[in-house]
Each structure stands twice: as structure tokens, then as C-alpha cells.
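**Student:** Here is my input; please provide its structure:
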Amino acid sequence: MTLPNFPQLDMFSAGINALYGVLVAGQPSHNRNYTLAGLVIMAFFGGIGGGVTRDVLLNDIPGPFRDPYYLLTCLLMALLGLAIYRYAATREERFRTRTMAFLKSFSLPWFAILGAHKALEHGLGIWTAIVVGVIATNAGGVLIDLFSGVVPDIVKPSEQLVTASVLAGAVYTLLWNFEKDKAFFPVTLIAVGVTFAFRVIAVRDHFPSIVPIAVSADGPELASRAAVAGPASRR
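**Tutor:** Next up is the predicted model:
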């Protein structure tokens, strides 16, 4: 299978995810009194964390190590994100939440498609391509969440990050394999459009997720204390 090379699209995705990364790091749930340098680092995590992880898995030299424009793009988007967040901070919480959800839904399918694309380029199968797409999509966000001491969104209910990543990679790889003309951009735009629409609707309507062990309304900490105190109180 001959696949096109598109570094510009890879850099575009890095920029969008860098913007999202700095906006996430500035939220009250994630902000740990980050310095300016700290917020820029979070933007780099969001922008190139997934791409570097993808390239390392595929035994490639990561794109940002070969092209300094990746780092410059992430830096510029970090500064733009700081300006946007200062503006958004004057708006109501609902506005900020919608902005974040929209950006995440827009940036998510691009990295999933890029991950699947590069896996196919290395001669890997459809299933492996989808898995690489999921990892490439969510690695940067997981780094930001872990450094901020927050449970990663990828494992939270109603976020549908794994489902959306799988959907983007699956639609792209399947269309590419069955498309006779191998028209790259129509296939890509279809995969992006389907995934974007799914994630926006899923977040808006709070699509349910399978939660085998539900936590009480008091939260995990109080629930664990109650579980420990329970046997003691019966003695």
C-alpha cells in the first residue's frame, strides 16, 4: 500500500493539540500554580506527546526532533492559548466548558488518523493501526493529567475518548483499504467528520459508559473510608 506523506497535517494537529493542552492546564481542576514555562511544557505535552509516542512505537525518529518548526508551532499555540484563556476566564463556566469540548472533539480524530496512517505506512495491519491511533490520540492528554495530579480523562465516564479514537482509526483504515481510487483527502475528511460529530453529540448528551464498579455519591475517598470503618464499627 502506498500512502502519501503529509508533515503539514502532522504539524497542524500538533498545533491544535498544543492549544488544547495549555487550555486544559489552565483550568481550575488542573492548575497547580504553573509558571509560564510550566504551561508551555504542558502545551508541548499536548502538542507532541502523542506524536512522539507514536513514532517511538513505530521505531521512527520523532518528527519534532527532525523539524524545529514543531516546537515553534507548539510555542506559538501555547501563547495563543494563554491569551484565549484570559479572555475565556471572564466568561461563564459553560462557555469555557463548551470551548474545551469543541477543541478536543476537533483535534482528536486528526491524531487518531495520523497514528493509523503511519502504522499502515509501516506495513502493519488494520487492528494495529487502530491501536496506534488510540495511543497517539490520548498519550499527550494522559501526560498533562498525570503531571497535574488528575485522573486521566481517557478513563472517565461520558468522555468517550477511546470510542471516538477507535471510530476515527477504524473509519479511516477501512475506507482506505476498500477505496479503489485511494483518494486520501476525501477519506480523511469523512473520518474526521464522522468522529467529530460523534464526540460532540456524545459529550452533549452524556452518552453512558460501562462502569462495572460504581462509586458512591460521596466520592472515592469517603467511600473507601466508609469501607474501612464498616468492619470496625461492627466489632
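
**Student:** Return the residues in contact with the nearest residue to residue 78 once chain neighbours are set aside.
**Tutor:** Spatial nearest neighbour of residue 78, excluding adjacent residues (Cβ to Cβ, 6 or more residues apart in numbering): residue 43 at 3.5 Å. In this view, the C-beta of every residue, glycine as well, is placed from N, C-alpha and C. Shown in contact with residue 43 (Cβ atoms under 8 Å, 6 or more residues apart in numbering): 18-19, 21-22, 25, 74-75, 77-78, 81.

**Student:** Pull up the per-residue confidence for residue 43.
**Tutor:** The model reports residue 43 with a pLDDT of 92.

**Student:** mean confidence score for stretch 109-117?
**Tutor:** 89.

**Student:** all numbers from here: first residue = 38
**Tutor:** Sounds good: first residue 38 from here, last item stretch 146-154.

**Student:** Quick check: buried residues in it?
**Tutor:** 146-154 (16 or more other Cβ atoms under 10 Å).

**Student:** Where does the prediction get shaky in the protein?
**Tutor:** 38-44, 125-134, 216-222, 252-272 (pLDDT under 70).

**Student:** quick one, longest helix in it?
**Tutor:** Among the elements of the chain assigned as helix by DSSP state H, the one spanning the most residues is helix 130-158.

**Student:** and it, what does it pack onto?
**Tutor:** With contacts defined as 3 or more Cβ pairs under 8 Å, 6 or more residues apart in numbering; DSSP states H and E, the packing partners of helix 130-158 are helix 44-62, helix 73-94, helix 106-125, helix 163-184, helix 198-215, helix 221-241.
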